[in-house]
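Participant: Build me a model from this:
(2 chains)
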Amino acid sequence: MQQIINFIIRNKNFLLFLLLFCISILFTIQSHSYHKSKFVNSANFLSGGVYNSVNNISSYFNLKSQNQLLAEENNRLNELLLNYEIDSDSAFKDSVNFKQQYKFTSANVIRNSYAATNNYLLVNKGRNDSIKEDLGVRSQRGLVGIIDKTSANYATVISILNTSSKISALLKRTNHFGTLKWDGNSPQIVQLTDVEKIAGVMQGDTIITSGRSSIFPKGIQIGIVEDFKLDAAENFYDINVRLFNDMTNLEHVYIIENTDKEEIESLLESTNE
Amino acid sequence: MNSLATGHIFRFIALVFFQVILFNHINFLGNINPYVYILFILFYPVKNDRIVFIFISFILGLTVDMFSDSGGIHAAASVLIAYIRPVFLKFAFGTMYEHNHVKFDNTDFGAKLVYVALLTFIHHFILFSLEIFNISGILSILQKTLFSGIFTILMITLLSIIFSRKTK
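Facilitator: Model (predicted):
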C-alpha cells in the first residue's frame, strides 16, 4: 500500500498528464461519431454570448451581399406567389383546417466555419424558440445542415461540410437516390455517392434533397453535377457536386421542422419490430 | 492574488478571445490558420508548479475547443506540449535551463526560435492527426502541420518581439 502511494506521488505529473490526455481523446472520439452526447460545444451561454456580440458588429461587413441574396429570394417567392394565385383562383381554401407539414423559423448564423474537416455553425435560435435536435437548416440558395445541439438561446448546426454528415439526396432529372457526403477538401464541392450505375448521370444535372429522411422536405436545391466517375466495383457513381450555396458567406438561414416527424418515425419503428 | 497571477489570467483570456474571434477566421489560402494561443504554454514561467501548469494547459485547450466545436483536439495537443516542455527547454537552452536561469525576455533569439518551432510542430501534428483522425489522410495532416506551423511560428515570433520587456 505504502509503495502504491509512493508511486502515485512520484509520478503524479505523468499520471495527471495521462488522465487529462485520455479525457481529451475521449472528447475527440465522441465528436467524430454522429450525434454522440458532447459536453463541450459552443451552444452555451458563454461562447454563444461572445459570438453573438461579435456578430452584431461583423454582420455589417457583408450587409450588401446579404441584402442582394434576400432580394433574389424575395423575387423568386414573388414569382411563385403570382403563378400560384393564377393557378388556384377558383379553388376554395379552408384556412381553418389548413395543416402545415413544414414549419420554418428564420435564424442568423453567428459563427460560420468551413476550413476544418468537421465544421459546425452556430445560430441564434435555441430551445426557447422550440428548436430541437435533428431539424433541417437551409439558406436562400440551398441546403446548409442539420441541428446538432441546442441550448436555451443557441443551437449548433452540423454543416454539410462535415465528414460525419450524411444526407439523402436525389438526381432531379432521373429520380435516382444517393448519399451526400463531404471529403474535407473544397468548401464548394461535396460528394454524392451510391448512385446506381443505370442512373445515366450527366454533367450539369441538378441535385436536390430526396425527402426520404423525415428531416428535409423533397426538393431543396443542393447543387449541380461537376464531374463523375464509377467507383472501383463499377456499380455506383461517385459524383462531385458544386453547391449552389456559398458556404463561406452565410447569414440568414431557415430552420425547417417537419411536424409529422414523430408520426413517421413511430410508424417506421412499429413496422421494423 | 498577486499581480503575476492577474497577468496570467489576463493573458489567458486575451489569447483565447483573439484565437476564437480573429485567428480562427483568417483561412489564408483556404484553410491555413495560426494557433497563437499556445503562446501561453510556450512562455509560461519556467519555475512553476507542474501540476498546476499541466492543468491550466488542459483548461486552455478545452476552452478553445468549446468555442470551435472540435471535441477535445486542442486540449489533447496542449496537454501534451505542456507535459513534454521541459525536455525541449533543456534541448534549446542547455545549461541555462539546468541552472534555472531561463527568462524568456532575455534569451538568445536563435535558441528561442528552435524551442518555439519544435513545440509548435508537435502541437500542430497532434492537433491535425486528431482532427482528421484517419491514417489515410496522413498527407493532408503533414501538409496542414507544415503550413499552419509556419504561420503560427511567424505570428508567435512577431508577438513576442512586440510584447517583449527587454531593456538594453
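Participant: Sort out which residues of the helix or strand bottoming out on mean pLDDT in chain B are buried, please.
Facilitator: Scoring the helices and strands of chain B by mean pLDDT, DSSP states H and E places helix B:95-98 at the bottom, with a mean of 71. Across helix B:95-98, burial judged by 16 or more other C-beta atoms under 10 Å in any protein chain shown covers B:96-97. In this view, the C-beta of every residue, glycine as well, is placed from N, C-alpha and C.
Participant: Send me it as PDB with only the CA atoms.
Facilitator: This file holds the C-alpha atoms of helix B:95-98, laid out as PDB (Å, rounded to 0.1, in the frame of the first residue of the first chain):
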ATOM      1  CA  THR B  95      23.000  24.700 -19.300                       C
ATOM      2  CA  MET B  96      21.000  27.900 -18.800                       C
ATOM      3  CA  TYR B  97      17.900  25.700 -18.100                       C
ATOM      4  CA  GLU B  98      19.800  23.500 -15.700                       C
END
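Participant: so what does it touch, helix or strand wise?
Facilitator: Judged by 3 or more C-beta pairs under 8 Å, 6 or more residues apart in numbering or on different chains; DSSP states H and E, helix B:95-98 is in contact with helix B:73-93.
Participant: if we can go back for a sec, next secondary structure after the least confident helix or strand of chain B?
Facilitator: Where DSSP states H and E defines the elements, the next helix or strand beyond helix B:95-98 is helix B:109-132.
Participant: Where does pLDDT dip in the chain?
Facilitator: No chain in the question, so chain A it is. A:34-39, A:83-100 (pLDDT under 70).
Participant: if you could check chain B rather than the one you did, that'd help
Facilitator: Using pLDDT under 70, chain B drops low at B:1, B:98, B:100-102, B:166-168.
Participant: Residues of it that sit close to chain A?
Facilitator: Contact residues, chain B versus chain A (C-beta under 8 Å from any C-beta of the partner chain): B:17, B:20-21, B:24, B:27, B:30-31, B:33, B:50-51, B:54-55, B:58, B:61-62, B:65-73, B:75-76, B:79-80, B:82-83, B:130-133, B:137, B:140.
Participant: Which of the three states applies to B:Phe10?
Facilitator: Of the three states, B:Phe10 takes helix according to DSSP: H, G, I helix; E, B strand; the rest coil.
Participant: give me the number of residues near it?
Facilitator: By other C-beta atoms under 10 Å in any protein chain shown, 10 other residues sit near B:Phe10.
Participant: just A:Arg212 next, same as before
Facilitator: 13.
Participant: That one contacts A:Gly178, correct?
Facilitator: No: between A:Arg212 and A:Gly178 there is no contact under C-beta atoms under 8 Å: 10.8 Å.
Participant: Helices of chain A, residue ranges please.
Facilitator: A:2-10, A:12-32, A:45-58, A:63-87, A:261-272 (DSSP state H).
Participant: For B:Pro45, grab phi and psi.
Facilitator: phi -50, psi 140 (degrees, to the nearest 10).
Participant: From A:Lys103, how far off is it?
Facilitator: 56 Å (C-beta to C-beta, to the nearest Å).
Participant: just B:Thr107 next, same as before
Facilitator: 62 Å.
Participant: Same question for B:Gly94.
Facilitator: 67 Å.
Participant: so what's the residue nearest to the spatial centre of chain A up against?
Facilitator: Geometric centre of chain A, nearest residue: A:Gly145, 0.8 Å, by C-alpha atoms, centre = their mean. A:Gly145 makes contacts with A:121, A:136-137, A:157-160, A:162, A:165, as judged by C-beta atoms under 8 Å, 6 or more residues apart in numbering or on different chains.
Participant: partner residues bridging it?
Facilitator: A:Val137, A:Ser159 (DSSP bridges).
Participant: Okay, it and A:Phe216: tell me how far apart.
Facilitator: When A:Gly145 is compared with A:Phe216 (using C-beta to C-beta), they lie 10 Å apart.
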